[in-house]
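When you get a sec, could you give me coordinates for this:
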Amino acid sequence: MEPTEQISEGMVLGLLAEAQDGWLSGEALSDKLGLPRVAVFKQIDGLRAKGYRIELLPRRGYRLVAMPDRLTALELSPLLTTEELGRTVHAEDEVDSTNDVARRLADDGAPHGTLVVAESQRHGRGRRGRAWVSPPGKNLLFSLVLRPDLPPVRAPELTLVAAVAVAEVLRDAGFEARIKWPNDVLLEGRKVAGLLTELCVEGATVRWAVLGIGVDVNAPRSAFPPELVETATSLAIVRGEEVPRVFLLATLLASLEAWLGRHEAEGFAPVRERWIELSATLGAKVRAEGVEGVAVDLAEDGALLVRDASGTIRRVVAGDVEPA
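As a prediction, the model looks like this:
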């Protein structure tokens with residue numbers, strides 16, 4: 001298919017998705033696209049062949065009824081409200097890791113906001129090289145190339161920014177999401193999302209950051225290995241029905257862009273305030289990197305503050321936090 005045809009299909013899809021009462025006449029589509037009616041019908045036919053359900057009624061026009069559960073630029077672009085995040089999309093069926101692809105793109109000069117999304121990963125990973133297990137076509141696995149104006153010492157803040165953005169989207173969707181320091185989002189005490197930030201530093205500047213996010217969206221309980229059944233969950237398990245992934249991805253990108261913009265303009269303080277409100281860690285007895293006690297606060301640089309048995313406040317700057 002020629003690029004112009006792909007663009008036309010995307011434009012048709014965007015107009016149908018934005019139709020206020022759900023219906024858009026063929027004449028209106030033709031006028032908005034500057035295409036003859038027969039060309040509009042050809043694009044509609046092409047979308048139907050790709051799995052889109054589009055109704056046609058006399059005197060009413062076309063209505064988008066359902067979209068295929070697929071993550072490509074064609075599905076995502078009409079739903080985006082961002083200025084930069086997700087405007088360049090690299091969609092793959094399978095990769096070793098979306099972070100690996102994003103790192104290569106970043107090294108090659110990919111712009112801020114470049115999105116890498118995949119249906120499955122052969123070697124997905126979380127913190128400390130742990131495997132991220134995900135059945136194909138069920139979850140959100142994506143990475144973003146970021147070019148933040150931050151000194152390297154502040155780069156860990158990006159993970160906390162992203163955790164707040166993800167948790168807020170899930171809460172807006174009706175889920176009681178909480179954040180576990182430093183990079184997990186929980187539902188009902190179980191992990192539903194994880195974040196991994198990797199950096200390229202040159203001197204006193206961050207050349208690029210790659211933010212990888214995995215969200216267990218529609219994975220059934222049977223998809224989790226035995227060692228994760230009690231500690232992990234998915235949105236579909238909690239809600240009892242599947243969640244449209246492409247709509248969730250578009251909303252996540254909007255939330256991430258808003259919080260990254262606020263972080264750039266106002267610093268870490270508002271992120272820290274919201275993180276504290278959403279925390280599943282503060283107030284709990286925890287153990288991390290040889291420190292054991294009650295998590296009492298998040299420091300202004302993102303470190304976890306823990307009061308040990310002697311009453312001393314200890315800083316935890318890395319590692320996994322587990323219940324004590």
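
so which helix or strand takes in Val206?
Applying DSSP states H and E as the criterion places Val206 in strand 205-215.

Give me the buried stretch members for that strand, please.
Residues 206, 208-215 are the ones in strand 205-215 that count as buried (16 or more other C-beta atoms under 10 Å). For every residue, glycine as well, the C-beta is placed using N, CA and C.

Which residues are in contact with Glu84?
With contact set as C-beta atoms under 8 Å, 6 or more residues apart in numbering, Glu84 has these partners: 111-113, 257.

tell me, what residue is most central in the chain?
The centroid of the chain falls nearest to Leu252 when counting by C-alpha atoms, centre = their mean (4.9 Å).

right, and that residue touches Leu211 too?
No. Leu252 sits out of contact with Leu211 when judged by C-beta atoms under 8 Å, with a separation of 11.1 Å.

May I see the buried residues of stretch 273-282?
The neighbour-count criterion (16+ other C-beta under 10 Å) identifies 274-275, 278-282 as the buried residues of stretch 273-282.

JSON lines for those, including distance to Ala39 and secondary structure?
Rendered in JSON lines, the data for the buried residues of stretch 273-282 read as follows (distance: C-beta to C-beta, whole Å; DSSP: H, G, I helix; E, B strand; the rest coil):
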{"residue": "Arg274", "distance to Ala39": "48", "secondary structure": "helix"}
{"residue": "Trp275", "distance to Ala39": "50", "secondary structure": "helix"}
{"residue": "Leu278", "distance to Ala39": "49", "secondary structure": "helix"}
{"residue": "Ser279", "distance to Ala39": "54", "secondary structure": "strand"}
{"residue": "Ala280", "distance to Ala39": "53", "secondary structure": "coil"}
{"residue": "Thr281", "distance to Ala39": "56", "secondary structure": "coil"}
{"residue": "Leu282", "distance to Ala39": "58", "secondary structure": "coil"}
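
And the contacts of stretch 253-265?
Counting contacts by C-beta under 8 Å, 6+ apart, the residues touching stretch 253-265 from outside are 80-86, 113, 115, 144, 146, 148-149, 157-158, 161-162, 164-166, 168-169, 211, 270-271.

Just these: which are in strands?
With strands defined by DSSP state E, the entries of the contacts of stretch 253-265 inside them are 115, 144, 146, 211.

Provide the count of other residues in contact range of the third one.
Counted with other C-beta atoms under 10 Å, residues neighbouring Leu146 total 25.

same deal with Lys32?
In terms of burial, Lys32 registers 14 neighbours under the definition other C-beta under 10 Å.

try the one 3 residues further on
The number of residues packed near Leu35 is 17, by other C-beta under 10 Å.

any idea what sits nearest it, other than its immediate chain neighbours?
Ser8 (6.8 Å; C-beta to C-beta, 6 or more residues apart in numbering).

Do I have it right that the one you found meets Ala39?
Yes. Under the criterion of C-beta under 8 Å, Ser8 makes contact with Ala39 at 7.5 Å.

what are the ranges of the strands in the stretch 101-250 of the chain?
115-121, 140-146, 177-180, 184-187, 190-202, 205-215 (DSSP state E, counting those that start in this stretch).

that older thread, can you tell me which of the buried residues of stretch 273-282 is closest to Ala49?
Leu278 (43.2 Å; C-beta to C-beta).

relative orientation of the longest helix along the chain and strand 140-146 in degrees?
Ranked by residue count, the top helix of the chain under DSSP state H comes out as helix 245-266. Between the axes of helix 245-266 and strand 140-146, defined by axes from the mean of the first three to the mean of the last three C-alpha atoms, to 10 degrees, the angle is 30 degrees.

buried set for helix 245-266?
The neighbour-count criterion (16+ other C-beta under 10 Å) identifies 245-246, 248-257, 259-260, 262-263 as the buried residues of helix 245-266.

Sketch out the low-pLDDT regions of the stretch 201-324 of the chain for me.
Under the criterion pLDDT under 70, no range of the stretch 201-324 of the chain is flagged.

before we move on, what about the stretch 1-150 of the chain?
Scanning the stretch 1-150 of the chain for pLDDT under 70 picks out the ranges 1-7, 20, 124-132.
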